[in-house]
Structure formats: structure tokens, C-alpha cells
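> Would you be able to build a 3D model of this:
(one chain, ligands or ions: 1)
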Amino acid sequence: MPISRSLTVVGCHAEGEVGDVITGGVLDVPGKTMFDKLVHFETKKDSLRQLLLNEPRGRAAVNTNLVLPPCDPRADAGFLIMESEEYAPMSGSNTICTTTVLLETGMIPMKEPITEVTLDTAAGLVKVIAECEAGKCKSVEFDNVPSFVLELDFKVVVPGIGEVVVDIAYGGMMYVLVDAASLGLAVDNQQSRQLVEVGERIKRATEAAYVPIHPENPGITGFSVIAFTEPLKKEDGCQVAANAVVVSPGRFDRSPCGTGTSARLAVLHARGEIKEGEIFKHRSIIGTEFVSRIRGLTTVGKYPAVLPTVKGRAWITSYKQVVLDSTDPFPEGFRVGDQWHIAPN
Ligand SMILES: O=C(O)[C@H]1NCC[C@@H]1O
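Numbering: from 1, shown residues only. Purely as a prediction, here's the structure:
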């Protein structure tokens, strides 16, 4: 078979969300920062993301992480996050998957009971604490980047729906957050189709009305995710809520979503609904959970910001050698509307 590409990929999921990890077969690229490397892949080597995430090798609910040498000398490794529609600057489930794979394959030596790792991401340095036992990375807790609110109670007119009130916040990705009940919906698998359809429409209408720009990196802009939220409840002394994050081009995050959790913490803190240090258990559409808290406060440009810490678990699911036969008619894969939400032109 005339193979033109061969990639070593470790299959992994974090609380249900797939975050495969490329551990071999891709050379480093120039860049002073991981964001520079993100731009390099986005503009010059995006065929790699297409090959792995589009069918037949990928599917809509798959992310893939590329391990690269870090740019910051304080980091143990760098990684880029490939999602269906973008390279995410930062991602919770993908950080948990990448840490788990780095430790369980020995790319970074595992220390028991605690391994401390520093990862270089396109959003900046992320410190991670992994609980490890008998060769298993039992949990990963990461200190996410500063997260902040851009707008509270922003009104947007959505065609076919009317006026919708949303919050806009950054948690490592730019989020539109909307209360599910305000649309007559709930975080419920039975309502998946409506949540995805309505979510994509609200996200597109918000995009047309508001351009979010990160004050320290104007390259971080635009929306690719919308979070349907539910009100906080108290459970065993902790704040608890469910959420459903619709990831472009239109499917749920199967995990509670680490960047979405961080954006929600910024909104809750801005509304005085959660205090620094208070535990917030965030649950996904499939019932899995991230445990989070605000570990400190800061500012980002003109915005007050929180420092979120999020904890979750991941499991390796496979060891794959992904190849491309040079005669394959789909070197960048393909998408079909029955599995991919193909937005109207
Ligand atoms: O946990 C997260 O932050 C990620 N999960 C998929 C979409 C986000 O990048």
C-alpha cells in the first residue's frame, strides 16, 4: 500500500468527550509561541486536522490534540487542540486527555501519588496536577487561564425566535451562554435536536451582533461554542448545575466542558452567585462531572477576571496507527449532513 502519511494516535476520552492525542508522525513547526504554531498549522498544514477529524477517520464528536515541543522553557510539553471547526486556544477535556496520555505512555515520567505537569498551550501556560496510582492517571486538575465576562444580559434578535438574552464570556474559548429555560428548553438528551438547532441559530445571531476580542490576543476572537445553562442547585454543600455545550458545527460536548465551566464561573462570580474557593460541580448532558473552583482573582485588560481550576478524569481507549494511502480519494476526508450540522448558506 503506497502510504503517504502515518500517524501514531492514542485514543482517549475525558468524562465522555473524545480527545485523541497525536504522539508521533508530525514534525515541529517554527513559532515563538504555541499560538504562532497554531497559526502555522491553521494556515499551512490544516490538512492534518481535516484528515483526522473528517470522515472516514474522524466524526463530528472528535477532538484531536497534537503534542509538540513547548515554546516556553518552563513547560514540560506543548500541545495544539484541533476541533471540528477550529484550533481551540485552550480546552478542558483536551487538557485532561493530553495529560493522561503523556503520563500513561511515559512521554512525561509519572510520579505517584502526584505528578505536576506544566503544559504550553496557545492560550498560555497551564499548570496541571495529576493524581496517579499503579500507572493510572486517576484525575487531572488544571489551572485554567484567566476567564472573564465581556457582556452580561446582552440582547440579541434571533431570526425565527425573537429577542434572546445571553451572556458573553471567555474561558479559554469565547462563549455565548444562555439559560435553557428562557427558550423553554432543558439540558436533556430528549431535547438534543432542538438544543443543537436553537443553539446554532443563537450563536450565529450573536456573531452577527457582537465581535468578542481577547484584550491580550486579538487573534482570539469569534464564537464556536454556545453553552445552555441551568440554575445552580445546592448538593451536599456544593454548588451544582448541568450544562449542554453545543460545539460547532453542531454537536454536544460529551464532557461538562472545562472552558465552558470556566466561562460559567466568570459569569457566576460577576453576578455574585459564587465566591472564590467555593466548589462548583458542573455536569454534562450525559451526567459526567467536572469539579471546579475559583482559585483567585485578576484582571485581563479592562475586564475583572477569575482564575478557574477544573478537575476531571480521562481514559485511554485505543492505540492507533492512522495512515493515508496515496491513492485515497479523500485525503482530507469528507462530511455528510446526516452526521454533521451543515449550516445553511
Ligand atoms: O472541555 C472543553 O473545554 C472542551 N470540550 C470540547 C469543547 C471544549 O474545547
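
> Which parts of this protein belong to which domain?
By the record's domain assignment, the chain is partitioned as 3-143+315-325, 147-310 (automatic domain parsing).

> Could I get those in JSON lines, plus columns for mean neighbour count, distance to residue 340 and mean pLDDT?
Yep, even glycine has a C-beta here, placed from its N, CA and C like the rest. Supplementary listing: these in JSON lines, determined by neighbours: other CB atoms under 10 Å; distance: least, CB to CB, whole Å; pLDDT from 0 to 100:
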{"stretch": "domain 3-143+315-325", "mean neighbour count": "19", "distance to residue 340": "5", "mean pLDDT": "97"}
{"stretch": "domain 147-310", "mean neighbour count": "19", "distance to residue 340": "6", "mean pLDDT": "96"}
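
> how about the ones you listed, which one is nearest residue 339?
Distance to residue 339, taken as CB to CB, is lowest for domain 3-143+315-325 among the domains of the chain, at 5.6 Å.

> end to end, how far does the closest one reach?
4 Å (CA to CA, to the nearest Å).

> could I get the domains of the chain as a markdown table with distance to the ligand?
Rendered in a markdown table, the data for the domains of the chain read as follows (distance: least, CB to the nearest ligand atom, whole Å):
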| stretch | distance to the ligand |
| --- | --- |
| domain 3-143+315-325 | 3 |
| domain 147-310 | 3 |
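
> residue boundaries of the strands in the stretch 101-250 of the chain?
Along the stretch 101-250 of the chain, counting by DSSP state E, counting those that start in this stretch, strands occupy 114-121, 124-133, 136-143, 147-158, 162-170, 174-179, 213-214, 217-221, 225-229, 233-235, 238-247.

> which residues are contacting the longest one?
Read it as strand 147-158. Contacts with strand 147-158, where a contact means CB atoms under 8 Å, 6 or more residues apart in numbering, come from 163-172, 174, 201-202, 205-206, 209-210, 212, 262-263, 265-267, 270-271, 300, 303-308.

> how far out from the middle of the chain is it?
Mean C-alpha position of strand 147-158 versus that of the full chain (CA atoms, centre = their mean, to the nearest Å) differs by 20 Å.

> Please apply the same query to the first one.
Taking CA atoms, centre = their mean, one finds strand 114-121 lying 17 Å from the centre of the chain it belongs to.

> just checking, what packs against that strand?
Counting contacts by 3 or more CB pairs under 8 Å, 6 or more residues apart in numbering; DSSP states H and E, strand 114-121 packs against strand 77-82, helix 92-104, strand 124-133.

> got CSV for the ones you listed, with distance to residue 241 too?
Output for the helices and strands packed on strand 114-121, formatted as CSV (distance: least, CB to CB, whole Å):
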stretch, distance to residue 241
strand 77-82, 25
helix 92-104, 16
strand 124-133, 24
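
> which stretches of the protein form helices?
Counting by DSSP state H, the chain has these helices, from start to end: 34-44, 47-53, 92-104, 192-209, 258-270.

> Quick check: chain neighbours aside, which residue is closest to residue 87?
Nearest residue to residue 87, sequence neighbours excluded (CB to CB, 6 or more residues apart in numbering): residue 38, at 4.7 Å.

> need the contact list for the one you found.
80, 87, 89, 122.

> Please give me every residue in contact with the last one.
In other words, residue 122. Taking CB under 8 Å, 6+ apart, we find residue 122 in contact with 33-35, 37-38, 80-81, 87-90.

> give me that answer again for 7 Å
Each residue near residue 122 by CB atoms under 7 Å, 6 or more residues apart in numbering is listed here: 34-35, 38, 80, 87, 89.

> Need phi/psi at it.
Residue 122 has phi and psi values of phi -70, psi -10 when expressed as degrees, to the nearest 10.

> isn't residue 171 right up against residue 267?
No. With contact taken as CB atoms under 7 Å, residue 171 and residue 267 are classed as non-touching, separated by 9.3 Å.

> Next up, the contacts around the spatially most central residue of the chain.
Using CA atoms, centre = their mean, the residue of the chain that lies closest to the mean C-alpha position is residue 91, 3.2 Å off. For residue 91, the contacting residues are 63, 81, 172, 258-259, by CB under 7 Å, 6+ apart.
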